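Undergrad: Could you look at this predicted model? Sequence included:
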Protein chains: 2
Amino acid sequence: MNAVKPRLRLQFGKAVAIGPGKAELLELIAETGSISAAAKRMAMSYRRAWLLVDTMNRCFDSPLVETAAGGKGGGGARITDLGREVLARYRSILTKCAEAAADDFAFLDSHLASAPPENPH
Amino acid sequence: MNAVKPRLRLQFGKAVAIGPGKAELLELIAETGSISAAAKRMAMSYRRAWLLVDTMNRCFDSPLVETAAGGKGGGGARITDLGREVLARYRSILTKCAEAAADDFAFLDSHLASAPPENPH
DNA sequence: CAGCGTTATATGCGCCAGGATATATCGCCA
DNA sequence: TGGCGATATATCCTGGCGCATATAACGCTG
């Protein structure tokens, strides 16, 4: 059935501390151990991925991702404890939100059009 | 104190059914009775405001905003009952989310940098 | 010490969202 | 019936975001 997908961004000043894209990136970095591999998985340029990581790191009081240039396998990136917790908290907000406002989401879903607008002019 | 501002968008297919901008626009249309006046208040072009309204209307099974070209004062726009309720539900989701995940927000806030990144490269 | 893969960073280009502008139409009102 | 103000819609242009590309540095490994 038609349903609306909530997308949450946590804004810190002008920057987005974390959002759907950064969260997925964080997860993939944890999984792959490198920024470039994570970027490939998301079909995203390394440049963009690096920028996202940089922004995340600078939004918090300590880095979410630590990197190493050179060394075994050329280097890599690993997620810190804070990174893991930030990611968990972000996910937690989403699930709690879906639960707490289930009735509101149900109402909105029940009034959606039969199909999403394809050609928005 | 430093705090993160949650920004929620409800996506329906490729379109955003409602988000922070559309919600504010909806509110201002209700208040002013016209798309152009609401757009001015938001320092937004009429074109953009009209497109946002059009998208919103097409995302739901009946319009959130009804318009009239010509007539007293040249015409105008008014928010429908559904529009009012969609707006209320959107706000409701935000407040319920803030309550339900207060601890998560508190954690994130407590680990924010001393200032938001100004020059993101 | 040469080679490799990764991080780190600069530069140029292309695309497109959005602004600016122009025009048509509508329906009350003086 | 002409004027007004708002909706409705097309066209042109610009700024900025993101991609592609290029280069340097790094540090293990053979």
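TA: Perfect, I can see it now.
Undergrad: Any idea which residue is closest to the centre of chain A?
TA: The centroid of chain A falls nearest to A:Ala23 when counting by Cα atoms, centre = their mean (2.1 Å).
Undergrad: From the structure, what's the count of residues near the closest residue to that one other than its chain neighbours?
TA: Leaving aside its sequence neighbours, A:Ala23 sits nearest to A:Tyr90 (Cβ to Cβ, 6 or more residues apart in numbering or on different chains; 5.4 Å). Every C-beta, even on glycine, is put in place using the N, C-alpha and C of the backbone. Look at A:Tyr90: counted by other Cβ atoms under 10 Å in any protein chain shown, it has 21 neighbours.
Undergrad: quick check, the strand or helix carrying A:Tyr90 touching DNA strand C?
TA: Using DSSP states H and E, A:Tyr90 maps to helix A:81-100. No - using Cβ under 7 Å from any atom of the strand, we find that helix A:81-100 stays clear of DNA strand C, coming within 13.8 Å at best.
Undergrad: and that helix with helix B:81-100, angle?
TA: Interaxial angle of helix A:81-100 relative to helix B:81-100 (axes from the mean of the first three to the mean of the last three Cα atoms, to 10 degrees): 140 degrees.
Undergrad: pLDDT of helix A:81-100, averaged?
TA: For helix A:81-100, mean pLDDT rounds to 98.
Undergrad: Which helix or strand lies directly C-terminal to the strand or helix carrying the residue nearest to the centre of chain A?
TA: Using DSSP H and E, A:Ala23 maps to helix A:20-32. Using DSSP H and E, the next helix or strand after helix A:20-32 towards the C-terminus is helix A:35-41.
Undergrad: these two touch, right, A:Pro117 and B:Cys59?
TA: Yes - taking Cβ atoms under 8 Å as the definition, A:Pro117 is a contact partner of B:Cys59 at 6.4 Å.
Undergrad: ok, these two, which is more surrounded?
TA: B:Cys59 (27 against 18).
Undergrad: re the thing from before, so the residue nearest to A:Ala23 makes contact with A:Ile18?
TA: Yes - using Cβ under 8 Å, A:Tyr90 is in contact with A:Ile18, at 5.3 Å.
Undergrad: what is in contact with those two at once?
TA: A:Leu10 (Cβ atoms under 8 Å, 6 or more residues apart in numbering or on different chains).
Undergrad: and A:Pro6, bridged to which residues?
TA: B:Leu10 (DSSP bridges).
Undergrad: I'd say it and A:Leu94 touch.
TA: Yes - taking Cβ under 8 Å as the definition, A:Pro6 is a contact partner of A:Leu94 at 6.9 Å.
Undergrad: thinking again about what came up before, pull the CA atoms of the helix or strand following the helix holding A:Tyr90 into PDB?
TA: For helix A:81-100, the succeeding helix or strand toward the C-terminus, using DSSP H and E, is helix A:102-110. Extracted in PDB, the C-alpha atoms of helix A:102-110 (Å, rounded to 0.1, in the frame of the first residue of the first chain):
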ATOM      1  CA  ALA A 102       1.900   5.700  14.400                       C
ATOM      2  CA  ASP A 103      -1.600   7.100  14.300                       C
ATOM      3  CA  ASP A 104      -0.500  10.300  12.600                       C
ATOM      4  CA  PHE A 105       1.400   8.300  10.000                       C
ATOM      5  CA  ALA A 106      -1.600   6.100   9.500                       C
ATOM      6  CA  PHE A 107      -3.800   9.100   8.900                       C
ATOM      7  CA  LEU A 108      -1.500  10.600   6.400                       C
ATOM      8  CA  ASP A 109      -1.000   7.300   4.600                       C
ATOM      9  CA  SER A 110      -4.800   6.900   4.400                       C
END
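Undergrad: Quick check: residues of chain A near DNA strand C?
TA: Contact residues, chain A versus DNA strand C (Cβ under 7 Å from any atom of the strand): A:34-37, A:46-47, A:50, A:53, A:67-71, A:73-77.
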